[in-house]
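A.B. asks: The following comprises the amino acid sequence and a computationally predicted model.
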Amino acid sequence: MSFTRNHRYPSVKKRFAIWAALFSVGTLAMPSTALASKESESLTTDSERYFKSEDIFNLEYVSEVQVSPNGKYVAYVRRSNDIMSDSSRANVWLASVDGKSHRPLLSSKKSYYSIRWSPDGSRLAYLSNEEGKPQLYVRWMDTGQTALVTNVTSNPSNITWSPDGKHIAFTMSVDAKEKPLDIKMPKKPDGAKWSPSFQYITKARYQADGRGILEPAYTHIFIVPADGGTARQLTSGNYHHNGRLSFSPDSDKIYFSANRSDNWEDEPVEGDIFSVDMMGNIAQLTNDKGLESSPVVSPDGKHIAYARRDDEKVMYKNSYLYVMKSDGTDAQNLTKDIDNSVSNFHWKDNKHVYFQQSVRGLAQVDVVSLSGSLKAVAKGLGGTTLGRPYVFGTYHAVDDVVAYTKGRTDRPADLYVTTRNERQLTALNEDVLGHKQLGEVKEIVYPSSIDGEEIQGWYILPPNYDSSKTYPLILEIHGGPNLAYGPVFTAELQRMAAEGYVVFYDNHRGSTGYGERFALLLQGKYSSEYDFSDHMSGVDALIEKGIADPERLFITGGSAGGIASAYAIGLTNRFKAAVVAKPVINWLSKVLTADSGLYQIPFQFPGMPWDNVEHYWKRSPLSLVGNVTTPTMLITGVEDKRTPMSETEQFYQALKIQKVDSVLVKVPGSPHGIASKPSRMIGKVENILAWFKKYDSVQSQSTQVEAQ
């Protein structure tokens, strides 16, 4: 039996049939109140078995893992949601690798994260908002005592222990005293209330999603005694020194990546590896075109592993694992035969390096030797996003012990560990999901109708799926577009399935994890009839399987998925309704108003918008708005700097002018991540479901009958 509202609440006709059946077997001898009670109890039981929006507040997942230096324990960050503050909370727990011990280390209503073991394993450094603004703390593992190490005014990040355990390095933003003009205003009288001072913007990169307008500031490297004291700045200059830090074995140097060119604003994929000593002397080790980043020094200090991506101006290029000598010579590509981006490097010993990659919808951990021999050591990583099924996961390794985040289609990420055999160390959501019936996730692989390109996708069946029936289908399109979905837990899509929909998602061309060629198939074609055909071919395949009802099709997606959704309804009227979340509607305006335009113009388009108007316009859903008849909901965060509200408003106004039924939903205070808070995630998916229900003729008719 399909799980739709009319099945949970039987229609008049169905209730009459139940009454007649009961009468025929003599059950009318029971009091009418008893009958009503039993029917209500059955319905309540069914309702409780399926995934509900309020369940989102109770979900937990593992987001960070750190293996102790002796390989016996894993410290991990356990993320949960707080229904009272409408926020996520991060606590730290400790599990033994043998699975015999599991206990909290730092657990309260505050957040504790970015955990790092000291080299000898006696202490654990972490960041916390325990006293307001995030600061660096250290916990002594034998006594549980903690020390506040920093008292800084900006947020520390990339915390890294020195090998001798005496210092901790970190990066932090430092305000720059830059004034474009020397303005002399008259003195304000005591008690006078004047308007706020003018705001001056002089940088090309002047805004960032989630942060708004950026005050002049640069990220620098600091060092502080591990026992606490004054943090000392090691780098200087009007450059950003972001990303991973790595000490030399003698604790005298820190290796990092930066673009220290005066033209850094115009070079989004340019960066080199540098070192800085304790006196602030900087030396450059690489000078290749492109981005060299994430340096990690080998235990003996003889080699440095790092990531490298070339500077070709296209929307996607693989990042490879390189290893060079510590003086910057003899660089070699250890993953040249791997056709995916690799990241998150950890030395196993002086001759082997662990790394992470995504392959066809799931992440995995591999180890490669300096001679190039390769072996996979852990597969199925994922589950670290609750909302949509992105391929996000992480790991950490010491010697042969590899700890990682791994979920299932019906569970968010738990803590797993492997030495030779895999062991699951946590089961964080059995109390919430153990008694729930979730939608079954199935894989589908099919050719795209436009050119036969193989596309991988998945579909979620409603609970109590009946193969003799067809169901309404929601096509949900991922963002990026150079990202990927996979067979992992997704609260938003499971919620849709719980309302009786088959939910279909695919990794269309442009998705990652299928090689560089596949990721570049959308170069200059984002969005277009090509990715549209990838989606629709999957929809048609599910119709041919007898799963989806061709008269009850719906479409939604966010960010790049919002672009694709808006573009799709300009190419077809097959969908009964659409929800377009945080889209780009007009590329001509988007690249000149959003925080990502400086990257997208040179890497995604053939040239400047004013020189290539026709190309930008062809890629814009607004160019097709004259064809749109599909009822459309638009939803975007008011503070979105990635796909600004002005994009959404253009489409809304155009739809209204054409008398297309539409509604604009603004999410107050939200940047691009409109589902970043639990209530916003719930609000997003419930608005989508309400809009689709309004235009689902079967559900609408059932609701009307039940109301009579």
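C.D. replies: Structure's in. What do you need?
A.B. asks: CA only for contacts and neighbour counts going forward, please
C.D. replies: Noted.
A.B. asks: Quick check: buried residues in stretch 153-161?
C.D. replies: Across stretch 153-161, burial judged by 16 or more other CA atoms under 10 Å covers N155, P156, S157, N158, I159, T160, W161.
A.B. asks: What of stretch 159-178?
C.D. replies: Within stretch 159-178, the residues that count as buried by 16+ other CA under 10 Å are 159-163, 165, 167-174.
A.B. asks: would JSON lines of those residues with distance to R211 and pLDDT be doable?
C.D. replies: Listed next are the buried residues of stretch 159-178 as JSON lines, based on distance: CA to CA, whole Å; pLDDT from 0 to 100:
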{"residue": "I159", "distance to R211": "22", "pLDDT": "97"}
{"residue": "T160", "distance to R211": "25", "pLDDT": "98"}
{"residue": "W161", "distance to R211": "29", "pLDDT": "98"}
{"residue": "S162", "distance to R211": "31", "pLDDT": "98"}
{"residue": "P163", "distance to R211": "34", "pLDDT": "98"}
{"residue": "G165", "distance to R211": "34", "pLDDT": "97"}
{"residue": "H167", "distance to R211": "30", "pLDDT": "98"}
{"residue": "I168", "distance to R211": "27", "pLDDT": "98"}
{"residue": "A169", "distance to R211": "24", "pLDDT": "98"}
{"residue": "F170", "distance to R211": "21", "pLDDT": "98"}
{"residue": "T171", "distance to R211": "18", "pLDDT": "98"}
{"residue": "M172", "distance to R211": "15", "pLDDT": "96"}
{"residue": "S173", "distance to R211": "13", "pLDDT": "94"}
{"residue": "V174", "distance to R211": "15", "pLDDT": "94"}
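A.B. asks: Among the residues you listed, name the ones in helices.
C.D. replies: Among the buried residues of stretch 159-178, no residue falls in helices (DSSP state H).
A.B. asks: Could you save the buried residues of stretch 153-161 as JSON lines and add columns showing distance to P487?
C.D. replies: Formatted as JSON lines, the buried residues of stretch 153-161 follow (distance: CA to CA, whole Å):
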{"residue": "N155", "distance to P487": "35"}
{"residue": "P156", "distance to P487": "34"}
{"residue": "S157", "distance to P487": "31"}
{"residue": "N158", "distance to P487": "30"}
{"residue": "I159", "distance to P487": "33"}
{"residue": "T160", "distance to P487": "34"}
{"residue": "W161", "distance to P487": "36"}
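A.B. asks: In this structure A378 contacts D366, no?
C.D. replies: Yes: using CA atoms under 8 Å, A378 is in contact with D366, at 7.0 Å.
A.B. asks: Neighbour count: these two, which is higher?
C.D. replies: Higher neighbour count among A378 and D366: A378, with 24 against 17, using other CA atoms under 10 Å.
A.B. asks: Report the beta-bridge partners for that one.
C.D. replies: For A378, the beta-bridge partners are V365 (DSSP bridges).
A.B. asks: which stretches of the stretch 1-150 of the chain have low pLDDT?
C.D. replies: Counting by pLDDT under 70, the stretch 1-150 of the chain has low-confidence residues at 1-47.
A.B. asks: And the helices in it?
C.D. replies: With helices called from DSSP state H, counting those that start in this stretch, the stretch 1-150 of the chain shows them at 5-8, 12-24, 32-49.
A.B. asks: Equivalent analysis for the chain, please.
C.D. replies: Secondary structure of the chain (DSSP H): helices at 5-8, 12-24, 32-49, 430-433, 491-498, 516-519, 529-544, 560-568, 587-590, 597-604, 613-618, 645-657, 678-694, 697-707.
A.B. asks: burial count for Y73?
C.D. replies: Residues lying near Y73 (other CA under 10 Å) number 21.
A.B. asks: quick one, what contacts the closest residue to it other than its chain neighbours?
C.D. replies: With CA to CA, 6 or more residues apart in numbering as the criterion, Y73 has its nearest non-adjacent residue at 4.3 Å, and that residue is S96. Residues in contact with S96 (CA atoms under 8 Å, 6 or more residues apart in numbering) are K72, Y73, V74, H102.
A.B. asks: if you set the cut-off to 10 Å instead, what comes out?
C.D. replies: V67, S68, G71, K72, Y73, V74, A75, H102, R103, V417, L425 (CA atoms under 10 Å, 6 or more residues apart in numbering).
A.B. asks: Just name the closest of the residues you listed to S373, please.
C.D. replies: V417 (22.7 Å; CA to CA).
A.B. asks: Just grab the bridge partners of the closest one for me.
C.D. replies: As for beta bridges, V417 partners with A403, R423 under DSSP bridges.
A.B. asks: for it, what are its contacts?
C.D. replies: With contact taken as CA under 10 Å, 6+ apart, V417 is in contact with 65, 67, 74, 96-99, 378, 395-397, 401-406, 423-425.
A.B. asks: Show me just the buried residues among the residues you listed.
C.D. replies: In terms of neighbour count (16+ other CA under 10 Å), the buried residues within these are 65, 67, 74, 96-97, 378, 395-397, 401-406, 424-425.
A.B. asks: Which members of those residues are positioned in strands?
C.D. replies: Taking DSSP state E, the ones among those that sit in strands are 65, 67, 74, 96, 378, 395-397, 401-406, 424.
A.B. asks: Now the two most distant members of those.
C.D. replies: The largest separation in those, counting by CA to CA, is between S96 and A378 at 18.5 Å.
A.B. asks: okay, stretch 168-179 in CSV with CA atoms only?
C.D. replies: Provided in CSV are the C-alpha atoms of stretch 168-179 (Å, rounded to 0.1, in the frame of the first residue of the first chain):
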residue,chain,number,x,y,z
ILE,A,168,50.4,24.9,18.9
ALA,A,169,50.1,26.7,15.6
PHE,A,170,46.9,28.0,14.1
THR,A,171,45.6,30.4,11.5
MET,A,172,43.5,33.5,12.3
SER,A,173,42.2,36.6,10.5
VAL,A,174,43.9,39.9,11.3
ASP,A,175,42.2,43.2,10.6
ALA,A,176,44.1,45.4,8.1
LYS,A,177,44.2,49.1,8.7
GLU,A,178,43.4,50.2,5.2
LYS,A,179,41.7,53.6,4.5
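A.B. asks: Contact partners for L520?
C.D. replies: V314, M315, Y316, K317, N482, R509, G510, S511, T512.
A.B. asks: Now with 8 Å, please.
C.D. replies: Each residue near L520 by CA under 8 Å, 6+ apart is listed here: V314, M315, Y316, R509, G510.
A.B. asks: Same question for K525.
C.D. replies: R619.
A.B. asks: let's go with 10 Å and repeat that
C.D. replies: Taking CA under 10 Å, 6+ apart, we find K525 in contact with G510, D531, Q604, F605, H615, K618, R619.
A.B. asks: do the same with S358
C.D. replies: By CA under 10 Å, 6+ apart, the neighbours of S358 are 340-343, 364-365, 379-382, 391-393, 483-484, 486, 512-515.
A.B. asks: roughly how far apart are it and L588?
C.D. replies: Note on S358: its distance to L588, by CA to CA, to the nearest Å, is 33 Å.
A.B. asks: do the same with N627
C.D. replies: N627 is 20 Å from L588, where distance means CA to CA.
A.B. asks: who's more crowded, these two?
C.D. replies: Neighbour count, other CA under 10 Å: between N627 and L588, L588 has more, with 20 against 14.
A.B. asks: ok, now how distant is that one from I223?
C.D. replies: 44 Å.
A.B. asks: For L291, state which of the contacts of S96 is nearest.
C.D. replies: Nearest to L291 among the contacts of S96: V67, at 29.0 Å, using CA to CA.
A.B. asks: one step back: name the residues contacting each of A378 and D366.
C.D. replies: Counting by CA under 10 Å, 6+ apart, the shared contacts of A378 and D366 are Q356.
A.B. asks: Hmm, P104 and G144 touching each other?
C.D. replies: No: if you go by CA atoms under 10 Å, G144 and P104 don't touch, sitting 11.2 Å apart.
A.B. asks: Many thanks, we can stop here.
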